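K.L.:
whatever this is, show me its structure:
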Amino acid sequence: MLEAKYLWQPIAELKGGQVKALAHELSISELLAKLLIERGIKTKTAATAFLKPTVAQIDDPFKLHDLKKAVDRLQQAIAEQERIVVYGDYDVDGITATSVMYEALEQLGAKVNYYVPDRIIDGYGPNLKRYQQLIANQTQLIVTVDNGVAGFKAIEYAQQQGVDVIVTDHHSFGEKMPPAYAIVHPAFPDNNYSCPDLAGVGVAFKVVCGLLQEIPQEMLDLVALGTIADVMKLTGENRALVKFGLQVLQQTQRVGLTALAKRAGVKLSQADEETVAFSFAPRLNSLGRLAKATDGVELLTTFDEQRADELAEKVEELNEQRQKLAEKMTKAALEQLSTQAENLVNLVAAPDWPVGLLGIIASRLVEKTGKPSLVFNLNQSTQLAKGSGRSVAAFDLFKALNPKRDLLTAFGGHQQACGLTLPITKLAQLQKVLNQAADQQGLRTAEREKLQLAAALSVDQVDLSLFDQLKRLKPFGNGNPQPIFAFRDYQLTDARLIGKQKNHLQFKITDGQKKVSAIDFFVGNEGKYLTQDPLAFDFVGHLTLNHWHDQSQVQVIVDDLKAKRPVVCDLRSVKDKKASLKKTGVYFFFKEKHFLKLKKILPKKAQAIVGTQRLDQTLNQNHLVLVDCPDSLAELEKLLKAIQPQLLDLIFLPSIDLRRPLPSRKDLAKVYRFAVSHQQINLKNDLMKLAEYLQINKETLIFTIQLFFEAGFVKIKNGLMTGNLSQKKVDLTQTASYRSRIRQIKTQKILNDSKTADLKKWIIQFLID
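P.N.:
Below is the predicted model:
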């Protein structure tokens, strides 16, 4: 069965009095009060602070470790006109952090420049060779943003050369601290800053606040961008920064963001966290993945409208390229995985996959398969495989790979993600290591990740009034998730695949009077099956506002779906039957002749079952493709009860040409006259010649001979047929072959001509215990 990606958690039941009391105190709905309490917000004071953040929630920057030391050193560098380089990172957090720090220092009159590392050439964080070049070019102070705590060698070198390094970062510390002049970090050991979850841009912003002795509100749009893109917790100070930042973004004066929004088809006045996550962030990230992230800093900081348009156009082109490549790579990766179902951890590789997109594809594979996934680029010149991995909650990638560093030439990461390089020849060995680690960590029996449901809504409850209530909880994100709803008393209708690649599923839910639109982005096979058998599915999702032609309508974004019963996919009317035989299921043939005819076009390594004689050995095939028609409905019933597939594709190629299902009287007479006038007819060698001579279809001739044999009109011994002149009248319609043929004809007509709904109803009764 098509399973849910997540384990849906039942709707929490809270004490009614507590919910009602908070709803009354705040003059809000009970649903909103319930959602606040589930977030740990149980008092009027806490709820007011959450729903209406104030500037007071932006903490004193000087509470951060080494911030005063960093500010003093920067002020000295500005005063003495030292050459400062802001050393950034190539993702959105790094680009925005670089922009914030560079912009502030430039405003203060500093002699400042910035450098954003190249993902492939420099890699992440302080690069020793790059630091050597910067220092050789007379750099006197380096300020890292969104990196630095892992850059021991490069920072040590700089300090030894008399060049101070101020680290502003938010990543986890390694075994030892870098010997930097100052380390500004929200989670510095024993410092206990109020918001340890600041993004890299958040840390840079706090340094700027300290430098300027005020909160530069015009920079908050960049803070929101980087914080959302880096999926930081949107609680406490981060929530306030992002909430205010989105307000600034809606009326931003940055010509680069205006140009970017125009290319993305986004109305800045309606921009929210989803705009950032799904429109701005992927576009800006495409620079670091496929080109130079330095252009991103220029785009965000330029005052030149023409230059902003040029850069925004470049970003859009790169993003389209990224989308096409990612789609192509995902499809190819899934094809590789179709023959690797036995592996607990996905491992795929190809020589033409851009290194900058490997992480995206790994994430998609995790999402689509529910398995940890590693994706590699194969460099034929170096014979090295460079890869990126993403995991699920139940599997620690770092724990799996760290003890096997002898296999790897480079490795780094944490529980949920990693980057690694190894010789191509060792990939098969790596797959074994991963499978063994998955077994040891209990991945085979691990529970799926949990998805908490907020409430069950009826169709008539889904309206603008409800959306406006939920909107008060925004911005949603890590630490403040979108409320996910189940839906009750609905029918699913109008399901269709949309988009250039037909990879998004659109449908409606209705209670018979009102319809609500829903969409599931980047669906896999389940999208195709849902359009075929919508009544088989159940889903959960969150609400969003769809703006179209100056009208706003609430729609459901699907977060997860599952089949609530076996799914039946009717492929009988598909003209290209060969395309229907390209699936990954088990192919069942009732007739051996059809298997022999079609086996060459079945997918490689496809499993095929011929006939119902050995069903005891083929039980529990999850995905079954019924290729041809059985001789009887009873035979089909026997098969369905024995195998109990959860996904059933119906092709039902005909076994009989219904244009001429039975021999005519004329055909019978011709065969009979020939048989009684000839002796020892060699059926093996002369059957085709006989059919041509009598001008009868070969299949019809064979069936006629069967009838005559059963009626005693002919004798067949050792493949030789002799006619038997009979005086006794025999009713051919009473022979076993004739009755069997009539049963075949009726069965084929039912299976080929029945309406889809009627056929599914008949089949499903045998698939549900």
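K.L.:
so where's the protein shaky on pLDDT?
P.N.:
1, 16, 524-526, 614-620, 658, 727, 769 (pLDDT under 70).
K.L.:
any chance you could map the strands in the stretch 401-550 of the chain?
P.N.:
Remark: strands assigned in the stretch 401-550 of the chain by DSSP state E, counting those that start in this stretch are 410-413, 417-423, 450-452, 455-458, 485-488, 491-498, 504-510, 515-520, 537-548.
K.L.:
rebuild those strands as CSV, extending it with distance to Cys569.
P.N.:
C-beta: built from backbone N, CA, C; applies to glycine. Below are the strands of the stretch 401-550 of the chain laid out as CSV (distance: least, Cβ to Cβ, whole Å):
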stretch, distance to Cys569
strand 410-413, 40
strand 417-423, 36
strand 450-452, 26
strand 455-458, 28
strand 485-488, 23
strand 491-498, 13
strand 504-510, 14
strand 515-520, 17
strand 537-548, 12
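K.L.:
what about those strands, which gets the closest to Gln440?
P.N.:
strand 417-423 (17.3 Å; Cβ to Cβ).
K.L.:
now the closest one, how far from the centre of its chain.
P.N.:
Relative to its chain's centre, strand 417-423 lies at 22 Å (Cα atoms, centre = their mean, to the nearest Å).
K.L.:
for that strand, buried residues please.
P.N.:
417-422 (16 or more other Cβ atoms under 10 Å).
K.L.:
for stretch 79-87, same thing?
P.N.:
In stretch 79-87, counting by 16+ other Cβ under 10 Å, buried: 82-87.
K.L.:
stretch 215-222 too?
P.N.:
Applying 16+ other Cβ under 10 Å to stretch 215-222 flags 215-216, 219-222 as buried.
K.L.:
mind giving me the packing neighbours of the top helix by length along the chain?
P.N.:
Longest helix of the chain, by residue count under DSSP state H: helix 305-337. Helix 305-337 sits against helix 255-264, helix 281-290, helix 294-301, strand 346-350, helix 358-369, with contacts defined as 3 or more Cβ pairs under 8 Å, 6 or more residues apart in numbering; DSSP states H and E.
K.L.:
next SSE downstream of the host helix or strand of Ala97?
P.N.:
Taking DSSP states H and E as the definition, Ala97 sits inside helix 92-107. Helices and strands here follow DSSP H and E; after helix 92-107, the next one along the chain is strand 111-115.
K.L.:
tilt between that following strand and helix 92-107?
P.N.:
170 degrees (axes from the mean of the first three to the mean of the last three Cα atoms, to 10 degrees).
K.L.:
partners of strand 111-115, with directions?
P.N.:
Here strand 111-115 is paired, per DSSP bridges, with strand 83-87 (parallel).
K.L.:
what residues does the strand it pairs with touch?
P.N.:
Applying Cβ atoms under 8 Å, 6 or more residues apart in numbering, the external contacts of strand 83-87 come out as 74, 77, 98, 101-102, 105, 110-115, 117, 126, 134, 138-145, 147-148.
K.L.:
format the buried residues of strand 417-423 as JSON lines; extra columns: distance to Ser29.
P.N.:
Rendered in JSON lines, the data for those read as follows (distance: Cβ to Cβ, whole Å):
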{"residue": "Ala417", "distance to Ser29": "39"}
{"residue": "Cys418", "distance to Ser29": "44"}
{"residue": "Gly419", "distance to Ser29": "46"}
{"residue": "Leu420", "distance to Ser29": "49"}
{"residue": "Thr421", "distance to Ser29": "54"}
{"residue": "Leu422", "distance to Ser29": "55"}
